[in-house]
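Any chance you can model this:
(4 chains)
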Number of protein chains: 2
Amino acid sequence: MTYSIAQAATRSGLSIDTLRYYERIGLVEPPARDAGGRRTYSDEDLGWLYFLTRLRTTGMPIRMMREYAQLRHLGVGTSARRRQILVDHRAGVRERIVELQSCVETLDYKIQNYEQIERCLPQTAAHDSLIEEAS
Amino acid sequence: MTYSIAQAATRSGLSIDTLRYYERIGLVEPPARDAGGRRTYSDEDLGWLYFLTRLRTTGMPIRMMREYAQLRHLGVGTSARRRQILVDHRAGVRERIVELQSCVETLDYKIQNYEQIERCLPQTAAHDSLIEEAS
DNA sequence: ATTTGACCTGGAGTGCACTCCAGCTCCTAC
DNA sequence: GTAGGAGCTGGAGTGCACTCCAGGTCAAAT
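Have a look, this model is predicted:
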């Protein structure tokens, strides 16, 4: 099964321009072409694109994704280094999750604060700056 | 208690340049100045800076932080709108956490895969492309 | 008195990750 | 056979969030 660039874009969630961009910068191997010179993406290509979107979602910079892609291209002998990249990256993502959870707590606190303020002044928009930022 | 811009930078985790930048774009109110024209940040200023860093960490774009900052400046009458911004934003952050957790699972899977590959080929770097990307 | 160091301003520059564009080639459908 | 649509290329442009710089002021230390 092969896919046009438009189909690959739809399935991967990347734009057509982004697909060509990723190819230009060496993040994806140039896909096969049909008789008319148009790109044809394989299922394997799509799998790689999917994985790239996961890395992107977790905030991995393109330069690191490219490093990973190049190692991958060098074959199975680089698997230890690739694994290490993923392990390190995963640790960062886990930290990030914890950080976000702590931010959510800050938001919870602030929101509760607003709810309290709104209970105190039902719909009196007349007198501003009564309580003015309890924190 | 007041703080120089360098102290405010250290305590907030933002750079001096970023503090001035935030002031320029209206994210923070211009702080007081000392006799020599230098900025002096109050504890309240630092509290706001801290909150901004929380919003930034969660990926809120500066334009939305500015909107929030402007509402805050308008006083207590805008608290319902500010609360709504935070509630909406919190929902996005929670989604993001879930998404990151799912990415971590993908990473787990990939890493396990590498571990398996490495068990198969102990330190034989001689013959590449044996297994070549199981996924 | 002068040197040092922190801070000031307005404005220019940077890095990242796209995104858009002009002008072209194909293929398909009418 | 021609009109329309998808795709092609190389290169320019965009938005975001800083970050850096030159040239100046000010206060304290030597």
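
Return the residues of chain A in contact with DNA strand C.
A:15, A:17-18, A:20-21, A:35-37, A:56, A:61-63 (Cβ under 7 Å from any atom of the strand). (Each C-beta comes from the backbone N, C-alpha and C, glycine too.)

With chain B as the reference, measure out to residue A:120.
Applying Cβ to the nearest Cβ, to the nearest Å, the value for residue A:120 to chain B is 9 Å.

tell me, how many neighbours does that residue end up with?
Neighbours of residue A:120 under the rule other Cβ atoms under 10 Å in any protein chain shown: 12.

How about residue A:53?
Residue A:53: 16 surrounding residues under other Cβ under 10 Å.

That one is in contact with residue A:11, isn't it?
No. Using Cβ atoms under 8 Å as the test, residue A:53 is too far from residue A:11 to be in contact (10.4 Å).

Who are the contact partners of the residue nearest to the spatial centre of chain A?
Most central in chain A under Cα atoms, centre = their mean is residue A:57, positioned 1.3 Å from the mean C-alpha point. Residues in contact with residue A:57, defined by Cβ atoms under 8 Å, 6 or more residues apart in numbering or on different chains, are B:99-100, B:103.

try 10 Å
A:13, A:93, B:96, B:99-100, B:102-103, B:106 (Cβ atoms under 10 Å, 6 or more residues apart in numbering or on different chains).

Return the residues of chain A in contact with DNA strand D.
A:4-7, A:16, A:20, A:33, A:37-39.

could you pull out the strands for chain A?
Per DSSP state E, chain A has strands spanning A:2-3, A:32-33, A:39-42. These are given in chain order.

Buried residues of the longest one, list them for me.
Residues of strand A:39-42 classed as buried under the neighbour-count rule (16 or more other Cβ atoms under 10 Å in any protein chain shown) are A:39-41.

Please apply the same query to stretch A:27-42.
For stretch A:27-42, a neighbour-count test (16+ other Cβ under 10 Å) marks A:27-28, A:31, A:39-41 as buried.

Now do the end-to-end distance for it.
16 Å (Cα to Cα, to the nearest Å).

Run through who's touching that stretch.
Stretch A:27-42 is contacted by residues A:1-5, A:7-9, A:11-12, A:14, A:16, A:18-24, A:44-46, A:48-49, A:52, A:55-56, A:62-63, A:65-66, A:68-70, A:72-73 when judged by Cβ under 10 Å, 6+ apart.

re the thing from before, pull the most distant pair out of the buried residues of stretch A:27-42.
A:27 and A:40 (18.1 Å; Cβ to Cβ).
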